[in-house]
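Peer 1: next comes the sequence, and after it the predicted model I'd like to discuss.
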Amino acid sequence: MNASPSQPHPAEWTETQGLLSSGERDLPAGRHQFHKEQMMARIREDLRTTTVAPAVPARDTPSTAAAPARSNPFLRRAVLLPALACALAGAVVGGVALSGGGESGTSSAGGPALTTRIGAVDARGVEPLLDHIALAAADTSETTVRADQFLYIASKVASTYPRTVGDKTTIVSQKLHSRQVWQSPDGRDGWLIEPGNTGKDGITLAGPNPAGSAYDRLAKLPTDPAALLRKIYQESDAVRDPEVPRDQAAFVAIGDMLTESYPPAKLTPALFRAAARIPGVVAVNDAVDAVGRHGVAVARLDEQNGERTEWIFDKKTYAFLGERSVQVEPSDTFKKGTVTFTVAITRRAVVDGMREVPGDEG
C-alpha cells in the first residue's frame, strides 16, 4: 500500500495568480466538507470532546466497554448526522486557537478551481479490478507495529470551495500543500503538520478517546469480506446523515480506512473485496491524483449531489495512490468536471517517535 511521489505538480491544475488573502474567504455553502475552516473545526472538536454526544451513537458496538472512537480530523463529515455537523460549525464560531501562531491561511488561499477530464465508467470491470487490487495487497508482508511507535502518513492535498467576497461568490481551489500525520497505534496520541492550517510546528491530535482510524482498532476488524461489510454498514448507519445514501456512506467509510491511516496487511484485501459488494461501485479507466500520477480508479457516484468519489491505483502494480472527488453531474455549486477534493498519499511508514520523519523524507 506504500506509494512514492513521482511528479511535483498536480495534474490539470491551473496555476494561481494573485492569491487572495484568508480574510477574503467565507465559510462554504451547504455541506461542503473540505474547506479549511471545517477541517480545523474537526480537529478542535476531536480535541475538546471526551465522549460522543447522546444523539450520536458511538462507533464501537454497544457491547464494548471501550471509550468511543474519535473521528479522524481528515474524515469526510458530509456523511454524518446533522447534529454533529452543527457541532463542527460551532467549533469554528468558538474560535479555539490551535495554529500556534504560524503562517495560518497560506495553504488555503484560493486560486482558480481545479478541473479534470471525467474518466469513462466500466460497471462490469470493477469486480475483476478489485480482485487484482486485493491480490496485490495480499502479497504485502505484515509490518509489526509496537505500542510505543507511531504511524506516519505524508500526503499532498487540496480542496475546492465557494468563496464570498462582498456580494460576489466564486469557486476557488486551495493551493496544493503538504500534510503530515503521526498517530499512535491506539489512536490516543498524534501530531498534525499542515502548513497554513496548523502553523509550521503543527498541533497535537492527542485525546482520551481513540481515533476512528487507529491501527489497533483496524486490526480488530473482521477480515472476512461479508462480515467486514456488515460491520461497516452498522457503524456508518449509526452516524451518517439520513440524506446520504447508505451505500455511499459505506463506500466513503472504506475510503477513509485507505487514505490517512495504516491498515494492517491482513485487513487491506478484505476492504477491497468488501467494496466490491457495495451496489453502484464502478471502475474508471483513467484518474489523476493530486501530484499528477495517472491510474485506474474504483469509484462510486453519490446520487444526491452528483459527486463521484474515486480511489486511484497504479495501473501496473495496483498500489493505492490517493483519492479524489469529482463533480460528474453539474450542481448548484460546482460545474461538471470540478475536482472538489484531491489527496495523494506520498509515504506511509512506522517510526519510533512523534514527529520523526523517515530517513529518505528528511
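Peer 2: Cool, the structure landed. Just so it is clear, the structure is predicted and the values come from calculations on it, not from any experiment.
Peer 1: list the residues that contact Ser173.
Peer 2: Listed by C-beta atoms under 8 Å, 6 or more residues apart in numbering, the contact set of Ser173 reads Trp13, Gly110, Gly111, Pro112, Ala113, Leu114, Ala158, Ser159, Thr160, Tyr161, Val339. Placement of C-beta: from N, CA and C, glycine included.
Peer 1: from those residues, list just the buried residues.
Peer 2: The neighbour-count test (16 or more other C-beta atoms under 10 Å) marks Trp13, Gly110, Gly111, Ala113, Leu114, Ala158, Ser159, Thr160, Tyr161, Val339 as buried among the contacts of Ser173.
Peer 1: show me the helices in the chain, by range?
Peer 2: Residue ranges of the helices in the chain, as given by DSSP state H, are 36-48, 82-94, 126-138, 215-219, 225-239, 246-258, 268-275.
Peer 1: local confidence estimate at Leu98?
Peer 2: At Leu98, the model reports a pLDDT of 30.
Peer 1: ugh, wrong one, I meant Gly111
Peer 2: On the pLDDT scale, Gly111 is placed at 88.
Peer 1: and the gap between it and Ile171?
Peer 2: Plainly put, Gly111 is 11 Å away from Ile171 if you go by C-beta to C-beta, to the nearest Å.
Peer 1: swap in Pro358?
Peer 2: Per C-beta to C-beta, Pro358 is found 36 Å from Ile171.
Peer 1: ok, the two, which is more surrounded?
Peer 2: When Pro358 and Ile171 are compared for neighbours, Ile171 comes out ahead with 19 against 13, by other C-beta atoms under 10 Å.
Peer 1: and the residue nearest to that one when sequence neighbours are not counted, what does it touch?
Peer 2: In this structure, Ile171 finds its nearest non-sequential neighbour in Ala113, 4.5 Å apart by C-beta to C-beta, 6 or more residues apart in numbering. By C-beta under 8 Å, 6+ apart, Ala113 lies in contact with Thr14, Thr160, Ile171, Val172, Ser173, Phe334, Lys335, Thr338.
Peer 1: hang on, Glu310 packs against Ala299?
Peer 2: Yes. Glu310 lies in contact with Ala299 (C-beta atoms under 8 Å); the separation is 4.2 Å.
Peer 1: which one of the two is surrounded by more residues?
Peer 2: Set side by side, Glu310 and Ala299 show more neighbours around Glu310, with 28 against 25, by other C-beta under 10 Å.
Peer 1: and that one, bridged to which residues?
Peer 2: Applying DSSP bridges to Glu310 yields these beta-bridge partners: Ala299, Arg324.
Peer 1: going forward, begin numbering at 48 instead of 1
Peer 2: Right, with 48 as the first residue, what we last looked at is Glu357.
Peer 1: what are the ranges of the strands in the stretch 198-347 of the chain?
Peer 2: Assigned by DSSP state E, counting those that start in this stretch, the strands in the stretch 198-347 of the chain fall at 215-221, 224-230, 237-240, 250-251, 328-335, 341-349.
Peer 1: what's the fifth one packed up against?
Peer 2: For strand 328-335, the packing partners by 3 or more C-beta pairs under 8 Å, 6 or more residues apart in numbering; DSSP states H and E come out as strand 168-169, helix 173-185, strand 341-349, strand 354-360.
Peer 1: so for Leu268, which of these sits nearest?
Peer 2: Ranking these by distance to Leu268, with C-beta to C-beta as the measure, places helix 173-185 first at 14.7 Å.
Peer 1: quick revisit: of all the contacts of Ala160, which two lie farthest apart?
Peer 2: Thr61 and Phe381 (15.2 Å).
Peer 1: looking at these two now, which is surrounded by more residues?
Peer 2: With other C-beta under 10 Å as the criterion, Thr61 and Phe381 differ in neighbour count, and Phe381 comes out ahead with 24 against 11.
Peer 1: report pLDDT for the residue nearest to the more buried one when sequence neighbours are not counted.
Peer 2: Counting by C-beta to C-beta, 6+ apart, the nearest residue to Phe381 once its immediate chain neighbours are dropped is Gln374, at 4.2 Å. Reading off the per-residue confidence, Gln374 sits at a pLDDT of 98.
Peer 1: identify the residues contacting Gln374.
Peer 2: For Gln374, the contacting residues are Gly353, Glu354, Arg355, Phe381, Lys382, Lys383, Gly384, Thr385, Val386, Thr387, by C-beta under 8 Å, 6+ apart.
Peer 1: with pLDDT and distance to Val192 added, can I get those residues in a markdown table?
Peer 2: Conversion of the contacts of Gln374 to a markdown table gives the following (pLDDT from 0 to 100; distance: C-beta to C-beta, whole Å):
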| residue | pLDDT | distance to Val192 |
| --- | --- | --- |
| Gly353 | 96 | 39 |
| Glu354 | 97 | 34 |
| Arg355 | 98 | 33 |
| Phe381 | 96 | 39 |
| Lys382 | 96 | 43 |
| Lys383 | 97 | 43 |
| Gly384 | 97 | 40 |
| Thr385 | 98 | 38 |
| Val386 | 98 | 33 |
| Thr387 | 97 | 33 |
